[in-house]
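>>> compute the structure for the input listed below.
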Amino acid sequence: MPLQTQLRALEGTIRDAATTAEAVAVPVRSGPEIDPAYVDGLAGIFALGATDLLAHEDARGEPGEIVKAPFRLGDGITEMLLFGVGDGSVPAMRRAGAAIARQVRGCGEVIVGGPSEADDDALAAFAEGLLLASYDFRVGGTPKRPGAGSISVATSSPAALERGAAVARAVTLARDLTNTTSLEKCPQWLAER
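Numbering: from 1, shown residues only. Modelled structure (predicted):
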């Protein structure tokens, strides 16, 4: 099964793109401290102070840690996800991406702030985590809670996102080949894949 979630680099700011999103995710570094690249962009759209919310939830900014809160955006309510990225290392970023993907299952459009200090390898791992945690192998029927329809990541390095997406597509193919029943996997079928 090909990946159902579409991953793309976000053009513009989170604030501009968030008007149609069902969820908006913003990185939090260990400490916890909201990534400074998004502080100004969030002013005015997140009524409750994010720092106060993190303190209330006793969040530490650890990779995979997520604090959720609804917030008003335009005429509607959108879910804000503050996600921990820890030290920003490759494993931490992969874990952070996977945690977001699990939280936004079933959403149509999600906007994610890519951690501003992440290098290209960490950003590629983040993309891998976003896509691989959305993977769901099904034989017939539809998943009960499919992955998000599209995830747009605000980043200055779309090439790193694409590299991570390419790795995720390859891993997905390997998982599909492994999970397909032996009745379907004849040598000709495998050669076609």
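>>> helices along this protein, start to end?
14-17, 36-42, 50-56, 90-103, 120-132, 158-179, 187-192 (DSSP state H).
>>> pLDDT below threshold where in this protein?
1-2, 12-13, 15-16, 18, 36-49, 74, 139-141, 143 (pLDDT under 70).
>>> which strand in it runs the most residues?
Counting residues, the longest strand in the chain under DSSP state E turns out to be strand 76-86.
>>> would you give the sheet partners of that strand, along with the direction of each?
strand 23-29 (parallel), strand 66-73 (antiparallel) (DSSP bridges).
>>> still on that earlier bit, between the helices of the chain, which one is closest to residue 111.
Closest approach to residue 111 among the helices of the chain (Cβ to Cβ): helix 14-17, 5.1 Å. The C-beta positions use only the backbone N, C-alpha and C, and glycine is treated the same way.
>>> what does residue 107 show for phi and psi?
phi -80, psi 150 (degrees, to the nearest 10).
>>> which of the strands paired with strand 76-86 sits most buried?
strand 23-29 (a mean of 25; mean count of other Cβ atoms under 10 Å).
>>> buried set for stretch 116-131?
Residues of stretch 116-131 classed as buried: 118, 122, 123, 124, 125, 126, 127, 128, 129, 130, 131 (neighbour count, 16 or more other Cβ atoms under 10 Å).
>>> and those, which is closest to residue 169?
Nearest to residue 169 among these, with distances taken as Cβ to Cβ, is residue 131, at 7.8 Å.
>>> ok, the closest one - contacts?
Residues near residue 131 by Cβ atoms under 8 Å, 6 or more residues apart in numbering: 3, 5, 7, 97, 101, 164, 165, 168, 169, 172.
>>> rerun at 10 Å
With contact taken as Cβ atoms under 10 Å, 6 or more residues apart in numbering, residue 131 is in contact with 3-7, 97-98, 101, 147, 151, 164-165, 167-169, 171-172.
>>> also residue 183?
No contacts exist for residue 183 under Cβ under 10 Å, 6+ apart.
>>> count the neighbours of residue 34 for me.
22 (other Cβ atoms under 10 Å).
>>> test my guess that it contacts residue 80.
No: between residue 34 and residue 80 there is no contact under Cβ atoms under 10 Å: 11.0 Å.
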